[in-house]
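Engineer: Curious how this folds, go ahead:
(one chain, ligands or ions: 2)
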Amino acid sequence: MERKKQRRNAAAARRDSLPEQQRKTWSEAACEAAVSWLEHHRTASFMVYVSFRTELDTSLLIEWGWQSGLNVIVPRCIPQDRSMELFAIRDWRELKPGAYGILEPDPTKAIRLDIDKEMPEAVFVPGLAFDRSGGRLGYGGGYYDRFRDRLAASAANAGGAFPPWIGLGYEAQWVEAVPMEIHDARVSAVITEQGIYNTGAV
Ligand SMILES: Nc1nc2c(c(=O)[nH]1)N(C=O)[C@@H](CNc1ccc(C(=O)N[C@@H](CCC(=O)O)C(=O)O)cc1)CN2
Ligand SMILES: Nc1ncnc2c1ncn2[C@@H]1O[C@H](COP(=O)(O)OP(=O)(O)OP(=O)(O)O)[C@@H](O)[C@H]1O
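Structural biologist: Ligands and ions are numbered 1, 2, ... in the order given. Next up is the predicted model:
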């Protein structure tokens with residue numbers, strides 16, 4: 001969709017223009033808000049992206065997870081079918097650059113997770129832009145939308161609940177409305193440096 005591509009370029013340019021020191025401060029504040037949310041919900045595990053380019057930096061959240069004994073789950077993307085595999089990681093040394101140059105779990109070091117047996121209790125998703133109704137603009141690989149369908153199928157099979165789907169971004173990433181297509185999933189909340197926004201979507 002051409003309209004989406006233009007929105008992606010504009011959103012990426014806006015995020016790239018945010019000063020590095022600001023991005024660092026905002027990332028830390030957003031990670032603290034995410035920590036509060038996880039503590040409040042007493043989650044034992046969460047899935048999170050490892051940041052690349054100018055994305056909101058999740059390293060503080062990941063390190064807090066390790067220190068607090070939570071199961072920290074990171075995806076690895078498979079460009080052939082645009083799917084993602086999950087791994088529990090315990091240390092930065094279990095990551096190596098994968099597709100797109102993103103740091104991803106090294107399958108020889110990290111522990112592979114079978115989502116039919118074990119599901120992350122919360123999922124933090126990256127984005128180029130978000131809107132207040134939970135619309136999310138990604139890089140266009142459809143990785144998270146496809147993965148969400150798989151997770152929903154496993155949850156339905158196991159009779160379990162689908163985990164909260166939470167966007168992480170800077171206040172500067174809000175847009176009026178992300179163009180949404182049928183397959184695009186909404187996030188149930190967005191966390192920024194200002195705190196958590198519930199979107200009303202499930
Ligand atoms: N940290 C992180 N990990 C992630 C994602 C993410 O957004 N952030 N993804 C979320 O899905 C997946 C990777 N998706 C990606 C999809 C495309 C490009 C990319 O480089 N695209 C080109 C443009 C291609 C085009 O427009 O045709 C580019 O941006 O230059 C990068 C990552 C899985 N892992
Ligand atoms: N659940 C799905 N099943 C099959 N194909 C899908 C699914 N979701 C998205 N796609 C396809 O993937 C491509 C990219 O989708 P979209 O523009 O929604 O990506 P995105 O959400 O921006 O990216 P990402 O999730 O990787 O950050 C589209 O061609 C779309 O048709």
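
Engineer: what about the longest strand anywhere in the chain and ligand 2, any contact?
Structural biologist: Looking across the chain with DSSP state E, the single longest strand is strand 71-78. No - Strand 71-78 is not in contact with ligand 2 by C-beta under 6 Å from any ligand atom; minimum separation 8.4 Å. All C-beta atoms are positioned from the backbone trio N, CA, C, and that covers glycine.

Engineer: in the helix or strand just after that strand, what counts as buried?
Structural biologist: Next in sequence after strand 71-78, counting helices and strands by DSSP states H and E, comes strand 83-88. Neighbour-count burial for strand 83-88 flags 84-88 (criterion: 16 or more other C-beta atoms under 10 Å).

Engineer: Also stretch 130-146?
Structural biologist: 130-131, 134-138, 143-144, 146.

Engineer: Tell me which two of these sit farthest apart.
Structural biologist: Within the buried residues of stretch 130-146, 131 and 146 form the most distant pair, 21.2 Å apart (C-beta to C-beta).

Engineer: Return the closest of the buried residues of stretch 130-146 with respect to ligand 2.
Structural biologist: residue 138 (1.9 Å; C-beta to the nearest ligand atom).

Engineer: Was I right to think that closest one contacts residue 129?
Structural biologist: No - using C-beta atoms under 8 Å, residue 138 is not in contact with residue 129, being 9.2 Å away.

Engineer: what does the helix or strand containing residue 31 rub up against?
Structural biologist: Assigned by DSSP H and E, residue 31 belongs to helix 20-40. For helix 20-40, contacts defined as C-beta atoms under 8 Å, 6 or more residues apart in numbering pick out 18, 46, 51, 54, 56-61, 64-65, 70, 122, 124, 166, 168-171, 189, 191-196.

Engineer: Quick check: buried residues in it?
Structural biologist: 23, 26-35, 37-38.

Engineer: Name the residues of the helix or strand encompassing residue 10 that come out as buried.
Structural biologist: Per DSSP H and E, residue 10 falls inside helix 2-16. Of all the residues in helix 2-16, those buried under the rule 16+ other C-beta under 10 Å are 4, 7-8, 11-12, 14-15.

Engineer: Need the worst-confidence member of those.
Structural biologist: Minimum pLDDT across the buried residues of helix 2-16 is recorded for residue 4, with 93.

Engineer: quick one, what contacts that residue?
Structural biologist: 137, 140, 179.

Engineer: ok, what's across the strand from the residue nearest the centre of the chain?
Structural biologist: Compute the mean C-alpha point of the chain, and by C-alpha atoms, centre = their mean the closest residue is residue 125, 1.7 Å away. Judged by DSSP bridges, the bridge partners of residue 125 are residue 167.

Engineer: and if you look at the one 5 residues further on?
Structural biologist: In this structure, residue 130 has beta-bridge partners residue 136, residue 174, where bridges are defined by DSSP bridges.
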